[in-house]
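Engineer: Okay, here's the prediction I keep looking at, along with the sequence it came from:
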Amino acid sequence: MSIVTIRGLEKSYLKYKRFGSGTVLGNAHWLLATLYRLQRQGRIVALRDVNLEVKRGEIFCIVGPNGAGKTTLIKCLASLLLPDSGYIEIDGLNVVEEPLKVKGKVAVIGSGFWAGFDWSLSVEENLELFAIMFGYNRGEAKRRVGEVLKLVGLSDRAKDDPTALSSGQRQRLSLARGFMFETPIYLFDEPTVGLDPVGAREIRNYIKDELRRQGKTVVFTTHFMNEAEDLADRIAILDNGTITAIGTPGELKQEFVKGKIVEIRASKVYEDGIERLRKLEIINLDAFFHSGGAEVTIRILTREAEDVLGEVLGLIMGSGGLVSYANISEPTLEDLYRKVVGRDGIEEA
């Protein structure tokens, strides 16, 4: 049974031409454009004909490049933005017709959401205020604040005000606010961005173990493909405002990345060797150039892994390169992502 239903969702924004900083307006162009809506230049389409369903109790992930529309989609689900057209239903409620009731069904957690805290209050006072606004009495609010601060590792900063926290700690504070409330749906927009590896793992474990045990539905976005693969029951790839693929990690790999991955790391690879490598069917090639030749990491998707491995090794060593690692493995979700969104190719640094 679906708890989230989206049909034909469309969302766009007005596009404005900004005056350059070298003009007579100087750096005030943004203020004037905001006040007077100057120089309208059409619209930017953020979401176009988005259709999907999320099952009750499912952990559902949305991945895609920057500007794909992921944050806009999360805000539409949370009734923070109203769509231009289309239909969104959250736990039986129409988002457009009953936005206030929808807000009571979802907890929204995103990167940068710490800006909504009152900096004149301490960390725990902020959270207690949000809990009371959500309907908890003072005793329940204090108890719950203590629990979530322990969960996100901020118990020792409870008396501090938010300005004293680092960016990673502020992200933990945003997570704490989202975890405060018992709602059937949790919407996370890049929940672990800015967290250290240990903190990110603890948050992932809480989502994977505790929220799943409680039967909560989770919809989250991320740029970390290992996070998507670790948490998600199903994944949707959003690119240029459109869902281009949807399915379990296994289903998506089976459909889009048939074959094996040949991975090779080598050093002292010069430009002539790089040019030969460019001609291969490469998913990704990272090349770091310096005076002693480039250090390269190559990933190739192929159905003839052993033959391709031998060919590439011969090419590198034949041009004087030194191979430090060679392996044949199954494709990862990142390989799938590069294949589907067209981000395969060569990256140089």
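Structural biologist: Received the coordinates, thanks. Numbers count the residues shown, from 1 in each chain.
Engineer: When you work out contacts or count neighbours from here on, use the C-alpha atoms and nothing else.
Structural biologist: Fine.
Engineer: quick one: what helix or strand has Thr71 in it?
Structural biologist: helix 70-77 (DSSP states H and E).
Engineer: what's that helix packed up against?
Structural biologist: strand 40-55, strand 185-189 (3 or more CA pairs under 8 Å, 6 or more residues apart in numbering; DSSP states H and E).
Engineer: Using TSV, lay out those strands together with mean pLDDT.
Structural biologist: Shown next, in TSV, are those (pLDDT from 0 to 100):
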stretch	mean pLDDT
strand 40-55	88
strand 185-189	94
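Engineer: Most tightly packed of these?
Structural biologist: Mean neighbour count (mean count of other CA atoms under 10 Å) peaks for strand 185-189 among the helices and strands packed on helix 70-77, with a mean of 24.
Engineer: and that one, how far out from the chain's middle?
Structural biologist: 12 Å (CA atoms, centre = their mean, to the nearest Å).
Engineer: Need the residues that contact it.
Structural biologist: 70-71, 74, 78, 105-111, 178, 216-222 (CA atoms under 8 Å, 6 or more residues apart in numbering).
Engineer: Check which residues of the helix or strand that it is followed by are buried.
Structural biologist: Note on strand 185-189: by DSSP H and E, the next helix or strand toward the C-terminus is helix 197-205. Neighbour-count burial for helix 197-205, counted by 16 or more other CA atoms under 10 Å, picks out 199-200, 203-204.
Engineer: just checking, what packs against helix 197-205?
Structural biologist: Helix 197-205 packs on helix 138-152, going by 3+ CA pairs under 8 Å, 6+ apart.
Engineer: Can you tell me what sits against the next helix or strand after the helix it packs on?
Structural biologist: Under the assignment DSSP H and E, the closest C-terminal helix or strand after helix 138-152 is helix 167-179. Outside helix 167-179, the residues that touch it by CA under 8 Å, 6+ apart are 107-114, 123, 127, 130, 148-149, 151-154, 162, 186, 191-196.
Engineer: Kindly report the same for stretch 229-243.
Structural biologist: 45-51, 58-65, 67-70, 204, 207-208, 228, 244-249, 333, 337, 341.
Engineer: In ChimeraX, how would I select the buried members of those residues?
Structural biologist: Of the contacts of stretch 229-243, the buried ones go into a single ChimeraX selection, burial set by 16+ other CA under 10 Å:
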select :45,46,47,48,50,51,58,59,60,61,62,63,64,65,68,69,70,204,207,208,228,245,246,248,249,333,337,341
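Engineer: List the contacts of the residue positioned nearest the centre of the chain.
Structural biologist: Central residue of the chain (CA atoms, centre = their mean): Thr222, 1.9 Å from the mean position. Applying CA under 8 Å, 6+ apart, we find Thr222 in contact with 61-63, 189-191, 228.
Engineer: go with 10 Å
Structural biologist: By CA atoms under 10 Å, 6 or more residues apart in numbering, Thr222 lies in contact with 61-65, 70, 188-193, 228.
Engineer: Adding distance to Asp239, write these out as JSON lines.
Structural biologist: Converted to JSON lines, the contacts of Thr222 look like this (distance: CA to CA, whole Å):
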{"residue": "Cys61", "distance to Asp239": "14"}
{"residue": "Ile62", "distance to Asp239": "10"}
{"residue": "Val63", "distance to Asp239": "8"}
{"residue": "Gly64", "distance to Asp239": "6"}
{"residue": "Pro65", "distance to Asp239": "7"}
{"residue": "Lys70", "distance to Asp239": "9"}
{"residue": "Phe188", "distance to Asp239": "19"}
{"residue": "Asp189", "distance to Asp239": "16"}
{"residue": "Glu190", "distance to Asp239": "16"}
{"residue": "Pro191", "distance to Asp239": "20"}
{"residue": "Thr192", "distance to Asp239": "21"}
{"residue": "Val193", "distance to Asp239": "20"}
{"residue": "Ala228", "distance to Asp239": "16"}
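Engineer: Many thanks, have a good one.
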